Structures are given as structure tokens and as C-alpha cells.
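>>> please work out how this folds:
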Amino acid sequence: MSDLPSVIEANENRWMRAWIGRDTKTLKALTSRKFRLVIGSKPAVMLDARSWLEAAPSRFTCDSYRFGDIYSRAIGNVVVFATQLEMRAELERQDWSGQFWMTDLWAKSPVRRTWQMVERSLSRLEVQAEIPAAAKALQLWK
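Next up, the predicted model:
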């Protein structure tokens, strides 16, 4: 179990490279049928697995990505993977590049017993520099 964060990080990179490469076979293998993509917009938008897999090769594309600080935590049979994500992407031919906060949930598939992504949440990063410092000041531990 101690190497689980590195397994999930490797899967994250495989998932992103498959998205960039329009490799729907790999995306499908790494994406649970229960998958949901939640986009932190106003109003919030959600795509199910079928919609995501249909859109990924042509209507919601990614050309490059870079992860920032990585937070990974196993909670029972689920792993949380969170990071800053810088990516170049297009959504319905509109530029959607930028910096995001991404949180993914991974769970073992019941049949193949492989790790699959069950949820991804994407939202733009906070741009006010003073907000992270103010939030950190709220921490009870130092």
C-alpha cells in the first residue's frame, strides 16, 4: 500500500497522455463507468463517462499539461489525487487553457481490480495572491 500514491500518479499521467493522444482505448480502461467530470463554473457542469469519452477525442481536447504540488491520500478503497493543473485545452473549439485546481477520485474496479478514475473536479485557480495566505492563517496546526 505504501507505493499506492506513485501508482495513482502514474495512472494520472497515463490518463492525461491518453487524452492528449486521443487514445480512447486507454481512456476507457482508466475511466470508470460511474465516472463524473464536474466543472467548477457558474452554473456548474457535469459530464458522465459516456459523454466524456465521446467528447475527449474531438470536442474537449487537451494539448499539454503540467501538474504542480501533488496531494494524494488513500481513504479505504478510494484514493484522492489533487494538484494544480496547468493545461492547454479546447472546449467546443474555444480556448480553455489556464491554471486549474484538479481533484480526482480513484477506486478499484470490481471486475478487473484495477484502479479507475471515478470523478474529476476542475476549477480555475484563485488569482488573488492574498487569499492562500489568509486561508493558511486559519490552520490550527503550525
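>>> any idea how far Arg33 is from Pro5?
Pro5 sits at a distance of 25 Å from Arg33 (criterion: CB to CB, to the nearest Å). (C-beta placed from N, C-alpha, C; glycine too.)
>>> higher neighbour count, those two?
Pro5 (16 against 12; other CB atoms under 10 Å).
>>> look up phi and psi at that one.
Dihedral angles of Pro5 (phi, psi; degrees, to the nearest 10) stand at phi -60, psi -40.
>>> was I right about it contacting Ser72?
Yes: if you go by CB atoms under 8 Å, Pro5 and Ser72 touch, sitting 4.1 Å apart.
>>> got any residues that touch both of those two?
Any residue near both Pro5 and Ser72 by CB atoms under 8 Å, 6 or more residues apart in numbering counts here, and that gives Val79.
>>> helix or strand: which one has Pro133?
To be clear, residue 133 is Ala; Pro isn't right here. helix 130-136 (DSSP states H and E).
>>> pretty sure Lys108 contacts Ala74?
No: in this structure, Lys108 is not within contact of Ala74 by CB under 8 Å, at 11.1 Å.
>>> pull the number of nearby residues for Gly40.
If you count neighbours by other CB under 10 Å, Gly40 ends up with 13.
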